[in-house]
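**Student:** structure for the following, please:
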Amino acid sequence: MAVKEGAWSDDESLLSIEEYRTREVLWNPQNENFYKQNLKKDAWDEIGNVLKITAEKCNNKMISLLSSYRREKGKEKKSKGTGKGTSDTYTSRWFAYNALKFLDDRNTPRKRKKYGVHSTLSLQKQCHRSHAT
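**Tutor:** Numbers count the residues shown, from 1 in each chain. Sure thing, here's the model as predicted:
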């Protein structure tokens, strides 16, 4: 599918979101390659090839979609204040809302690595003992 100049159709936007979702290096901080800019550039180039437009235009469109998603999430969260009934809560009907829901758990804390025999607590005890003597 080639994206035409100007406005993106909903289908083109949804395709770009799907391509973005499959390349975790772009959005998942828990991905081991998340901080490797050259791999991110390669991923954007791949998306551009699929959509038959430049990587820069793909990236700009995704920035716009992510901004709209954050706006919708904010409206939803704000409407769920205390004392409000279900009829008062906002439910997004924006076309890309559900397609971007995969991003909701990207900031969950990752499991800590265990470094052999020494846990943080045992290292703290060792340091405390060495300063006490």
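**Student:** which stretches in the protein count as helices?
**Tutor:** In the chain, the segments counted as helices under DSSP state H are 10-21, 37-51, 55-79, 120-132.
**Student:** how far is the second one from where the chain is centred?
**Tutor:** Taking CA atoms, centre = their mean, to the nearest Å, one finds helix 37-51 lying 16 Å from the centre of the chain it belongs to.
**Student:** need the residues that contact it.
**Tutor:** The set of residues external to helix 37-51 that reach it, using CB atoms under 8 Å, 6 or more residues apart in numbering, is 1-3, 12, 15-16, 19-20, 23, 25-26, 33, 54-59. Yep, even glycine has a C-beta here, placed from its N, CA and C like the rest.
**Student:** got it, and the shortest one?
**Tutor:** Judged by CB under 8 Å, 6+ apart, the contacts made with helix 10-21 from elsewhere in the structure are 1, 3, 8, 26-27, 46-47, 50-51, 58, 61-62, 65, 95-96, 99-100, 102.
**Student:** average pLDDT for it, rounded please.
**Tutor:** Mean per-residue pLDDT for helix 10-21: 96.
**Student:** where in the chain is pLDDT low?
**Tutor:** 1-2, 4-5, 82-87, 107-133 (pLDDT under 70).
**Student:** P29 against D105, yeah?
**Tutor:** No - P29 is beyond contact range of D105, at 11.4 Å (criterion: CB atoms under 8 Å).
**Student:** now a ChimeraX select for only the buried ones of the contacts of helix 37-51.
**Tutor:** Written as a ChimeraX command, the selection of buried residues from the contacts of helix 37-51, which uses 16 or more other CB atoms under 10 Å, is:
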select :3,12,15,16,19,20,23,25,26,55,57,58,59
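**Student:** how far away is the nearest residue to L66 once chain neighbours are set aside from D42?
**Tutor:** Ranked by CB to CB, 6 or more residues apart in numbering and with sequence neighbours excluded, the top spatial neighbour of L66 is L100, at 7.3 Å. With distances taken as CB to CB, to the nearest Å, L100 is found 22 Å from D42.
**Student:** quick one, which of the two is more surrounded?
**Tutor:** Counting neighbours by other CB atoms under 10 Å for L100 and for D42 shows that L100 has the greater number, 22 against 15.
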